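Asker: have a look at this prediction, sequence included:
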Amino acid sequence: MRLTHYTDYSLRVLIYLATKNTNDLTTIQEIADAYDISKNHLMKIIYELGKVGVIETIRGRNGGIRLAQAPENINLAWLVREVEEDFHLVECFNSEKNQCVLTPSCRLKGILGEALAAYFQVLEKYTLNDLVQHRDELSALFFPNG
């Protein structure tokens, strides 16, 4: 299984925000600079993270973004399910587009389905808070001068 860049960047945005003080606002440009990611690409991600309720966006001159929930309340399995487009590991996972001739007698779908369930079972155990247990080390990477 491989996560899309979209999900990877979504997780990185949340890690960045979780290293900041709770009420501090951050700009998309700050995050883009920290990760050397396109601001335009991050804008779509920020919009989606706001839509699912994990970040708060404040518009205006002194606006910015921050976490809308405590890091310990943001489960990684839930987040990945929310932002990842699909989990069609192989063609037969998509019943609408499946053209595989092996489908009637193939056991691969069941095995990969079991593996995907195990993947999510592991992610269910963790929250954003688990990713930022070493906030001091992360802060030093993001904010080397302060």
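Answerer: Perfect, thanks for sending it.
Asker: tally of neighbours for Asn94?
Answerer: Here the number of neighbours of Asn94 (other C-beta atoms under 10 Å) works out to 13. Where C-beta positions appear, they are placed from N, C-alpha and C, glycine not excepted.
Asker: is it true that Ser139 touches Tyr16?
Answerer: No - between Ser139 and Tyr16 there is no contact under C-beta atoms under 8 Å: 10.0 Å.
Asker: so which of those two has more stuff around it?
Answerer: Neighbours were counted for Ser139 and for Tyr16 using other C-beta under 10 Å; Tyr16 has more, 19 against 14.
Asker: that's a strand at that one, yeah?
Answerer: No - going by DSSP: H, G, I helix; E, B strand; the rest coil, the assignment for Tyr16 is helix, not a strand.
Asker: residues touching the residue lying closest to it once chain neighbours are set aside, list them.
Answerer: Nearest residue to Tyr16, sequence neighbours excluded (C-beta to C-beta, 6 or more residues apart in numbering): Ile31, at 5.3 Å. The neighbours of Ile31, taking C-beta atoms under 8 Å, 6 or more residues apart in numbering as the test, are 12-13, 16-17, 37, 42.
Asker: which of the residues you listed sit farthest apart?
Answerer: Leu17 and Ile37 (14.3 Å; C-beta to C-beta).
Asker: now do stretch 42-53, average pLDDT.
Answerer: Across stretch 42-53, pLDDT averages out at 96.
Asker: kindly export it (C-alpha atoms) in PDB.
Answerer: Extracted C-alpha coordinates of stretch 42-53, given in PDB (Å, rounded to 0.1, in the frame of the first residue of the first chain):
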ATOM      1  CA  LEU A  42      -1.000  23.000   0.100                       C
ATOM      2  CA  MET A  43      -4.000  25.300  -0.400                       C
ATOM      3  CA  LYS A  44      -6.200  22.400  -1.500                       C
ATOM      4  CA  ILE A  45      -5.000  20.200   1.400                       C
ATOM      5  CA  ILE A  46      -5.600  23.000   3.900                       C
ATOM      6  CA  TYR A  47      -9.100  23.400   2.500                       C
ATOM      7  CA  GLU A  48      -9.900  19.700   2.800                       C
ATOM      8  CA  LEU A  49      -8.400  19.500   6.400                       C
ATOM      9  CA  GLY A  50     -10.700  22.400   7.300                       C
ATOM     10  CA  LYS A  51     -13.700  20.700   5.800                       C
ATOM     11  CA  VAL A  52     -13.100  17.500   7.800                       C
ATOM     12  CA  GLY A  53     -12.700  19.600  11.000                       C
END
